[in-house]
Every structure is written in C-alpha cells, then in structure tokens.
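Requesting a structural model of the entry that follows:
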Amino acid sequence: MEAIVFEEFGGPEVLRHETGAEVPEPGPGEVRLRVAAAGVNPMDWKVRRGLLEEVHPTVFPAVPGIEVAGTVDAVGEGVTGLAVGDEVFGWSKTGAYAGHALAGNVLPKPAGLSWETAVGLPVAGETAARVLEELGVREGETLFLHGAAGIVGTIAVQLAVAAGVTVVGSASASNHAYLRDLGAIPVAYGDGLAERVRAAAPQGVDAVFDAAGYGVLPVAIELLGGEETADRSRIVTIAETDAAAHGIVFSLPEQDFERVRGWLTAQAQGVLAGTLRLRHADTLPLKEAARAQELSESGHVRGKLVLTP
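Residues are numbered from 1 along each chain as shown. Just a heads-up that it's a prediction; the model follows:
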C-alpha cells in the first residue's frame with residue numbers, strides 16, 4: 001500500500017513516501033476505505049512538528065491526515081448502514097495520507113459531489129457550523145469573522161449570510177473581492193483593525209469568530225465593549241490557544257456525530273444546489289505530501305489542498 005509515514009517530529013523532510021505499507025484491517029465499528037482523496041489541514045503539519053502532543057499524542061510510525069473520502073472496501077464487526085462499495089467522506093482513524101484508511105465517523109457522499117469537494121467538508125464544515133451555533137448569531141446581528149477567506153471562514157461567511165447575519169470579514173487585500181462575492185464586508189488585517197471594523201459596521205458588532213489567531217482576542221474584546229463590559233461568551237476562537245487567559249472559549253470539535261452528520265449533509269446538499277461554494281486550491285499526488293504541507297504551513301493557500309493516492 002502507498003502511504004506517507006513519519007517516525008520523528010520535524011519539518012516536511014521527515015515525511016517519507018512508502019509503497020509497501022501494510023493495509024489496515026477494520027476492527028469493531030470501523031470501515032476500511034480505498035482512499036480517493038485526503039484533505040490537507042493545518043493540524044497535519046502541527047502534529048508533524050509535535051505541537052499538539054498534549055491533545056493529539058502521536059504513536060510512531062505515524063501516517064498524517066484526518067480528513068478522508070473514499071470507497072468502503074471492508075466492514076468491521078457491528079457496522080450497520082454501510083456496505084462495501086459505498087462512497088463516503090469523514091474522518092480517518094489511521095491517517096488519510098495512504099491508499100487505504102480506517103474510519104468510524106463517515107457519511108454518504110452524494111453522487112454529484114466530487115471527491116475533492118467532499119474531502120474539504122468534514123473539518124471546515126463541522127468547525128464553521130459548530131462555532132456559529134456556539135456564538136448564537138441570529139438574523140439581524142453583525143458578526144466579525146477574523147480570517148474570513150480561509151476554508152473555515154469561507155463556509156462560515158456563507159452560512160451566516162444565509163441566516164440573515166451581516167458579516168465583516170478580515171483578509172488580505174487580494175481576497176477582498178472574493179469576500180464581497182460571498183456576501184461579506186471585507187477589512188484588512190493589521191494595526192487599526194478595530195477602527196476598520198467599526199467603520200464597516202457602525203451599528204456595532206454582536207459576536208466575533210476568530211478563525212486566524214495572531215493576537216486578535218484583545219481586539220475582539222474591544223469591539224464588544226472593552227475589558228469591563230464585553231460579553232466574552234460571544235467570542236469564540238479556533239486559533240488562539242491562550243483563549244482561557246482572556247476568558248474566551250477555545251472551541252473543540254463536536255462529539256455528537258449525529259449533529260455533525262446533519263450539518264455536513266446539509267452543506268453537501270448546499271454545494272450541489274449551488275448555494276454553498278468551496279474554494280479548491282490544488283490537488284497533488286500523495287508522493288508530494290511534503291510540498292502540500294509546506295504550502296499549508298506558509299499560510300498563503302487560497303482554498304483546500306487535496307492529496308490523491
């Protein structure tokens with residue numbers, strides 16, 4: 001089996017392309033997929049560098065990747081509702097950068113959805129839906145979304161706008177036209193961010209979704225009224241690990257897969273209907289996983305990076 005393997009923490013050079021890796025066998029509650037596409041996420045290079053050991057301990061040798069789409073080719077004991085030949089997408093248990101991967105939480109891929117699009121939904125789609133629900137944004141409110149042009153931001157902007165929420169989104173100048181096209185009001189990163197957001201939303205900001213980090217939480221607090229009066233329950237970050245020091249929630253993945261299934265099923269149908277758009281950056285062969293992670297780590301990727309065996 002083809003796979004990307006690493007046996008120590010470090011830079012992209014620790015990733016090794018193998019062609020004789022062992023094909024995993026599904027255990028109880030698991031299915032094995034013949035991988036059609038693997039999503040590349042910032043989590044992948046952070047795990048490779050050893051930055052997430054407290055929350056995501058690594059057992060070497062390790063195969064990167066949590067997002068997978070493919071065809072079921074073996075079913076473990078106790079699995080119901082899935083059969084060999086089913087096309088699915090979801091989360092890998094054994095690493096998605098491989099020819100085969102084991103999975104537990106997967107859902108059917110609609111026939112008209114491409115593999116590249118399907119594999120871009122699990123992490124970003126779940127994150128966007130979860131955080132918007134945690135923030136409780138409602139029709140008529142205004143949301144500031146920091147890092148709005150990334151894959152999570154792209155989905156969150158569209159979901160919020162569709163719900164009647166005004167979205168002010170920060171992004172580099174090259175992405176401002178893109179955000180306008182999605183329905184958001186773009187503002188630039190950098191010094192003076194709070195002033196630019198206020199100018200874009202003179203009615204005020206009701207909630208803040210931090211999808212990018214880079215020290216924006218004090219700005220979020222300022223936008224919601226300042227240290228003494230800001231309602232911190234209406235600020236959520238997925239990027240700042242020191243969130244608790246500011247009294248702000250660091251959002252973690254939803255554990256109820258049935259809720260996640262509902263979110264992603266609706267999003268997949270939205271893509272098919274043309275009401276939800278995802279931006280695809282590039283598809284690379286699996287053997288170029290190191291390059292894909294380098295691109296991801298650069299922070300300048302526009303859209304979803306995908307690997308295919």
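
Please make it C-alpha for all contacts and neighbour counts, starting now.
Fine.

what about the helices in the stretch 201-309 of the chain?
Remark: helices assigned in the stretch 201-309 of the chain by DSSP state H, counting those that start in this stretch are 217-223, 257-273, 289-298.

With distance to T154, mean neighbour count and mean pLDDT added, can I get these in CSV?
Below are the helices of the stretch 201-309 of the chain laid out as CSV (distance: least, Cα to Cα, whole Å; neighbours: other Cα atoms under 10 Å; pLDDT from 0 to 100):
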stretch, distance to T154, mean neighbour count, mean pLDDT
helix 217-223, 20, 20, 97
helix 257-273, 12, 16, 97
helix 289-298, 16, 18, 95
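
Just put those helices in TSV and tack on distance to G169.
Putting those into TSV (distance: least, Cα to Cα, whole Å) gives the following:
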stretch	distance to G169
helix 217-223	13
helix 257-273	21
helix 289-298	21
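
In three-state terms, how would the residue nearest to the spatial centre of the chain be classified?
Taking Cα atoms, centre = their mean, the centroid of the chain lies closest to A124, which sits 2.8 Å from it. On the three-state scheme (DSSP: H, G, I helix; E, B strand; the rest coil), A124 is labelled helix.

for the one 3 residues further on, same thing?
T127 carries the three-state label helix when classified by three-state DSSP.

Surely it touches P253?
Yes. T127 is within contact range of P253, at 6.9 Å (criterion: Cα atoms under 8 Å).

So those two - more neighbours on which side?
Taking neighbours as other Cα atoms under 10 Å, T127 and P253 compare with T127 leading, 24 against 13.

what's near enough to touch I66?
Contact analysis of I66 by Cα atoms under 8 Å, 6 or more residues apart in numbering lists A38, G39, D44, W91, S92, K93, G95, A96.

Name the member of those residues with the most neighbours.
Most neighbours among the contacts of I66, by other Cα under 10 Å: A38, with 36 neighbours.
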